[in-house]
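Engineer: Sharing a model that was predicted from the sequence below.
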Amino acid sequence: MVGLPDMLVGAEPLEDGFALDITEDWLQGRTAYGGLTSAIALAAAQRIDGELPPLRSGQLAMIAPLAGRIEARARVLRRGRNATWAAAELTGEKGVGFTASFVFMRRTESVLAIDNYPPPAAAIPVEEAAPVPMAQAPAFLRSHFECRFALPKAELGEADLCWWVRLRERAGLHPEVESLLCGDALPTAVWPLLSFSVPISSMHWHVNMLGAAPAADGWWLIRSTSEFARSGGASEHITQWNGEGAPAIAGMQSVAVFG
């Protein structure tokens, strides 16, 4: 098993990106885990320019299965006075499997100061939280993450999951790369309402970065909820906080549900 830090260090340089191998321990079914491809795309974009401002938002599209040898390429679309737009693309042997659009933006003075993303009040402290069983978990989750239940069942809604998540190998990762790598770790919120054999697949994930860096212990609190599922698709909201309760990502995801 190879963690993302070693994958990036050992990547083969290309003129406009790099190539690396996605091994079976990173798979979710027949494709790479979406948080991994998102993190790889962000790492490719960050290599364009070592002085990019912080990531402000990203639009991530999981287009086709990716596994084995892939190539990651990125380019700048526009540089403004405060913001830089960049695009990234991951390709495998059958062509494009993943695309991303990123906005990097400098922090500026503002009269606005709104912060209405408090963590769940009933969240169980991570040291008291029960481990998530991994017997039926996909390969990437069993191999690379620690997960614990973060809310009592009585506090959860119908399509509602809330876990503590920590990456096993994180040393050397950029904080933004780590947050994306962990941010898609939960199953889709409607999955517990279905047979575990029903295939599901993320299609689009939009993330707004709220600025929190990972806490020293590496734990993230992540909650996924769905208020709409019909005709083979589900819409879900994913919110992520660091272990100290500071908001890190507000996201929305479109998921295909094949059953």
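Structural biologist: Looks like it arrived, so ask away.

Engineer: quick one: the nearest residue to D217 once chain neighbours are set aside from Y117, how far?
Structural biologist: Nearest non-adjacent residue to D217, counting by C-beta to C-beta, 6 or more residues apart in numbering: G243, 5.5 Å away. Heads up, the C-betas are built off the backbone N, CA and C, glycines and all. Noted for G243: a distance of 15 Å to Y117, by C-beta to C-beta, to the nearest Å.

Engineer: same thing with M1?
Structural biologist: Distance of M1 to Y117, computed by C-beta to C-beta: 33 Å.

Engineer: who has more neighbours, the two?
Structural biologist: Taking other C-beta atoms under 10 Å, M1 and Y117 do not tie; Y117 has more neighbours (16 against 13).

Engineer: so when I look at that one, I'm seeing a helix, right?
Structural biologist: No. Counting by DSSP: H, G, I helix; E, B strand; the rest coil, Y117 is not part of a helix but coil.

Engineer: the strands in the protein, which residues?
Structural biologist: Using DSSP state E, the strands of the chain run over residues 12-14, 17-22, 27-28, 31-32, 55-62, 68-79, 83-92, 95-105, 145-149, 160-167, 200-209, 219-230, 233-242, 247-257.

Engineer: out of those strands, nearest to I40?
Structural biologist: Among these, the nearest to I40 by C-beta to C-beta is strand 68-79 (5.4 Å).

Engineer: Please spell out which residues along that closest one are buried.
Structural biologist: Neighbour counts over strand 68-79 (16 or more other C-beta atoms under 10 Å) mark I70, E71, A72, R73, A74 as buried.

Engineer: which one of these is nearest T31?
Structural biologist: Of the buried residues of strand 68-79, the one sitting nearest to T31 (C-beta to C-beta) turns out to be I70, at 10.9 Å.

Engineer: Contact partners for the closest one?
Structural biologist: A19, L20, D21, I22, A32, I40, L90, T91, G92, G97 (C-beta atoms under 8 Å, 6 or more residues apart in numbering).

Engineer: returning to what we had before: can I get the buried residues of strand 68-79 in CSV with distance to G232?
Structural biologist: Output for the buried residues of strand 68-79, formatted as CSV (distance: C-beta to C-beta, whole Å):
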residue, distance to G232
I70, 27
E71, 31
A72, 30
R73, 32
A74, 32
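
Engineer: re the thing from before, which of the contacts of I70 are buried? Put it as a ChimeraX command.
Structural biologist: Buried members of those, defined by 16+ other C-beta under 10 Å, are picked up in ChimeraX with:
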select :20,22,32,40,90,91,92,97
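
Engineer: got a markdown table for the contacts of I70, with pLDDT too?
Structural biologist: A markdown table is the format used below for the contacts of I70 (pLDDT from 0 to 100):
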| residue | pLDDT |
| --- | --- |
| A19 | 98 |
| L20 | 98 |
| D21 | 97 |
| I22 | 97 |
| A32 | 96 |
| I40 | 98 |
| L90 | 98 |
| T91 | 98 |
| G92 | 96 |
| G97 | 98 |
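
Engineer: which one of the contacts of I70 is nearest D6?
Structural biologist: Distances from D6 to those, taken by C-beta to C-beta, are shortest for L20, at 9.8 Å.

Engineer: Does the closest one have any beta-bridge partners, and if so which?
Structural biologist: I70 (DSSP bridges).

Engineer: Just to check, it is in contact with A72?
Structural biologist: Yes. Using C-beta atoms under 8 Å, L20 makes contact with A72 at a distance of 7.3 Å.

Engineer: Mind putting the strands of the chain into TSV with distance to L173?
Structural biologist: Shown next, in TSV, are those (distance: least, C-beta to C-beta, whole Å):
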stretch	distance to L173
strand 12-14	19
strand 17-22	14
strand 27-28	20
strand 31-32	17
strand 55-62	14
strand 68-79	15
strand 83-92	17
strand 95-105	17
strand 145-149	14
strand 160-167	8
strand 200-209	15
strand 219-230	13
strand 233-242	14
strand 247-257	14
